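Participant: structure for the following, please:
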Amino acid sequence: VAGQVRCRYSIGGPFPASSHRCHHKQKHCLPITQCGALSISPLLFHPHAKGSQIIMDMAQKAVKRQASFCNAITFSNRPIVIYEQVRLKITKKQCCWSGALRLGFTSKDPSRINPDTLPKYACPDLVSQSGFWAKALPEEFANEGNIIAFWVDKKGRVFYRVNDSAAMLFFSGVRITEPLWALIDVYGLTRGVQLLDSEIIPPDCLRPRSFTAIRRPSLRRETEDTRLSVSLCDLNLQEENFHVLATMCPIPQNSLNSQHSHLFPSQLESDLRFHQLRGAHVKILDDQTVARLEHAREERTLVFTSRPLRINETIFVKINKSNASRSGTLSYGVTSCDPSTLRPSDLPYNPESLVDRKEFWAVCRVLVPLQSGDILGFMVNSEGELHLSHNGASAGMQVCVDCSQPLWMFFGLHGAVMQIRVLVLYLPPFHPQTPPPPQGSPSSLQIQTNESSSSPGEIRKCEPFA
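Facilitator: Below you'll find the predicted structure:
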C-alpha cells in the first residue's frame, strides 16, 4: 500500500516459528509479519527544511533540483528507526555534472533548521558539523530508475544496496543514542528522486559486503577522473569487521562543478541524443548521449545528432575523456543530409571527403588543444551563422549555412579526443561576448564547405572567422 511501512519482523514479541531462506546465505530469515507494537507513519520529505533549488510535490514524496548542481539538501519528515531502510528511486539524471547523490543521517531535528542557513553541499559542509553524517553514492549507481536503500544498524554502521544487490557497508560512526532523520542531498548527476515505502529488515537477513570489496572491480577510472580525485572528511571511522575505503565528500567535484556552472546554463536539459547511425570505430553509450572512440582508431568515427538543429539553441559538447599523448582534435560540421538516409558504409574514413556529396556539408576542425573537461558550445542563429564557444569564451562565427532547411550536426573523434557527451539548451538570440577578429586573421578552425546541387543560392559560403 502506498505510503505504508512494510515490516519484516515484530518488535512487540517473539518471532514466529515459520521461516524461509534468504538466497544469499544458508540461514533462516524471518517472514513478513504485522508490525505489532511498532507504529510508524509514512516516510516523507520534510516540507520546509530543504535547499533553495529543491521543488517538492504536494505529497512530499518526490523532489527535483530545478537548477545548478547544489543547494539541494533535503531531510525526512520524521526520525527513522534502526534497520529501517530508506528507499528512494532516482527519477532524473543530468549528465553534465560530476558526483552524485549524498546519503546519510542527522541527529538535528529538521523542524529546527532554518532553510536559509543550509549550505550548498552536504559534503563537506554539513558533515563537518556535529550531528551530521553523509557520504556520496558511487556515480555508477546513480542511473535513472535505480532504487537505492540505506539504513543504520544498532552499532551505528550505515549500509546501502542498489536494486536487489547485496547489502554493502557505506560508513560508520553514527550516534544512535539520539533520534536520527534521513539526509538526502540531490547533488550533481542526480537531479530528481522519489521516496518509496520504507522497509524494516531483520538484521539476520542482511549480509553486508565491505565497501572496498564491492567497489574494487569497478575502480577502473577514466582519464578525467584524475581531476575528480576525492578527499576524505574525517569521521573517525573505526570498523571492527571491515577495513573500509572511506571515499568521503568529493571536495574537488564541488570545485569542478562550480567551474562548470559558469559554462553551463542553469536550465540545461539532455533532450538531444546521438543518432543511431555512427562510424564503425565509435560506440554510443549512456542513453545515446555519449560517443566513445573504440580500438583507438581515428578513421570512421563520425556521429550525428538525432534531430535537426533549432534556431538559437546551443548544443554543448563536453570532452569526457582525452589522451594527451595523441595529436589531433575534434572535427565537427553541419549537413542538410538526414542521417536516417545514410548507411554506415556511406561514412568515409576522412570526414573532409563528405564535401564531395551532393548535399550541403560544412566540415570543420578545432585546432586548439582539447582536454578532459573542456566544453564546446555550438549555435546557429536566425542569420545562418554558426557560432562556437570554448569553455564559455566566444570564438565567434565559424561558417554560414542556409537555416531555412533542416540541418544536422555531426562530430568526429580524432587524436586526443577519446569520448564526448552532448547536451542542449534553447537560448534567446546569441550575442557573442567578444567581437570576431578582422577577416583574414588566423582562425582556430579549418573549414571546408561544398556547394549544394539543389538550387542556386541555397548555400551561402562564408570566409572563416576566429
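
Participant: now the stretch 151-300 of the chain, which segments are flagged as low pLDDT?
Facilitator: For the stretch 151-300 of the chain, the stretches with pLDDT under 70 are 202-271, 296-298.

Participant: who touches the residue nearest to A59 when sequence neighbours are not counted in this structure?
Facilitator: For A59, ignoring the flanking residues on the chain, the nearest one in space by CB to CB, 6 or more residues apart in numbering is L44 at 7.5 Å. Backbone N, C-alpha and C define where each C-beta goes, glycine included. Neighbour list for L44: 59-61, 76-78, 195 [criterion: CB atoms under 8 Å, 6 or more residues apart in numbering].

Participant: tell me the domain ranges of this structure?
Facilitator: Following automatic domain parsing, one gets these domains for the chain: 6-256, 269-449.

Participant: and the strands in the stretch 251-400 of the chain?
Facilitator: Counting by DSSP state E, counting those that start in this stretch, the segments of the stretch 251-400 of the chain that form strands are 274-278, 282-285, 290-293, 302-305, 313-322, 331-335, 361-366, 375-380, 385-390, 393-400.

Participant: tabulate the ones you listed (TSV), appending mean neighbour count and distance to G156.
Facilitator: Shown next, in TSV, are those (neighbours: other CB atoms under 10 Å; distance: least, CB to CB, whole Å):
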stretch	mean neighbour count	distance to G156
strand 274-278	20	46
strand 282-285	17	39
strand 290-293	23	39
strand 302-305	25	49
strand 313-322	21	38
strand 331-335	25	53
strand 361-366	23	52
strand 375-380	23	42
strand 385-390	21	49
strand 393-400	20	49
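
Participant: which among the ones you listed is found nearest to A416?
Facilitator: strand 313-322 (4.6 Å; CB to CB).

Participant: about what we covered before: I'd like the strands of the stretch 251-400 of the chain laid out as TSV, including distance to H414.
Facilitator: Formatted as TSV, these follow (distance: least, CB to CB, whole Å):
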stretch	distance to H414
strand 274-278	15
strand 282-285	11
strand 290-293	9
strand 302-305	10
strand 313-322	11
strand 331-335	6
strand 361-366	8
strand 375-380	14
strand 385-390	17
strand 393-400	18
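
Participant: which one, of those strands, ends up nearest to S107?
Facilitator: For these, the distance to S107 is smallest for strand 313-322, at 39.2 Å, taking CB to CB.

Participant: got the CA coordinates for the closest one in PDB?
Facilitator: Extracted in PDB, the C-alpha atoms of strand 313-322 (Å, rounded to 0.1, in the frame of the first residue of the first chain):
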ATOM      1  CA  GLU A 313      19.600  26.600 -29.400                       C
ATOM      2  CA  THR A 314      23.100  25.900 -28.100                       C
ATOM      3  CA  ILE A 315      24.500  22.400 -28.400                       C
ATOM      4  CA  PHE A 316      27.200  21.700 -25.700                       C
ATOM      5  CA  VAL A 317      29.800  19.000 -26.200                       C
ATOM      6  CA  LYS A 318      31.800  18.100 -23.200                       C
ATOM      7  CA  ILE A 319      35.200  16.300 -23.700                       C
ATOM      8  CA  ASN A 320      34.700  13.400 -21.300                       C
ATOM      9  CA  LYS A 321      38.000  11.700 -21.900                       C
ATOM     10  CA  SER A 322      41.200  12.700 -23.700                       C
END
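
Participant: got the angle between that strand and strand 375-380?
Facilitator: 150 degrees (axes from the mean of the first three to the mean of the last three CA atoms, to 10 degrees).

Participant: so what strands line up beside strand 313-322?
Facilitator: Using DSSP bridges, strand 313-322 pairs in its sheet with strand 375-380 (antiparallel), strand 417-426 (antiparallel).

Participant: lowest-confidence stretch among those strands?
Facilitator: Mean pLDDT is lowest for strand 417-426 out of the strands paired with strand 313-322, coming in at a mean of 79.

Participant: may I see the buried residues of that strand?
Facilitator: 417-425 (16 or more other CB atoms under 10 Å).

Participant: may I ask which two of those are separated the most?
Facilitator: M418 and L425 (24.7 Å).

Participant: and the helices in the chain?
Facilitator: With DSSP state H, the ranges of helices along the chain come out as 211-215, 251-263.

Participant: dig out what E84 forms beta bridges with.
Facilitator: Taking DSSP bridges, one finds I200 as the beta-bridge partners of E84.

Participant: so who does it touch?
Facilitator: E84 neighbours (CB under 8 Å, 6+ apart): 5, 40, 43, 151, 198-200.

Participant: quick one: which two of those residues are the most distant?
Facilitator: The span of the contacts of E84, defined through CB to CB, is set by I40 and W151 at 13.4 Å.

Participant: between these two, tell me which one has more neighbours.
Facilitator: A count of neighbours by other CB atoms under 10 Å puts W151 above the other of I40 and W151, at 27 against 16.

Participant: and the more buried one, bridged to which residues?
Facilitator: Beta-bridge pairing for W151 (DSSP bridges): F159.

Participant: wait, it touches V158, no?
Facilitator: Yes. At 7.1 Å, W151 and V158 qualify as touching, with contact defined as CB atoms under 8 Å.

Participant: and for those two, which residues touch both?
Facilitator: Counting by CB under 8 Å, 6+ apart, no residue touches both W151 and V158.
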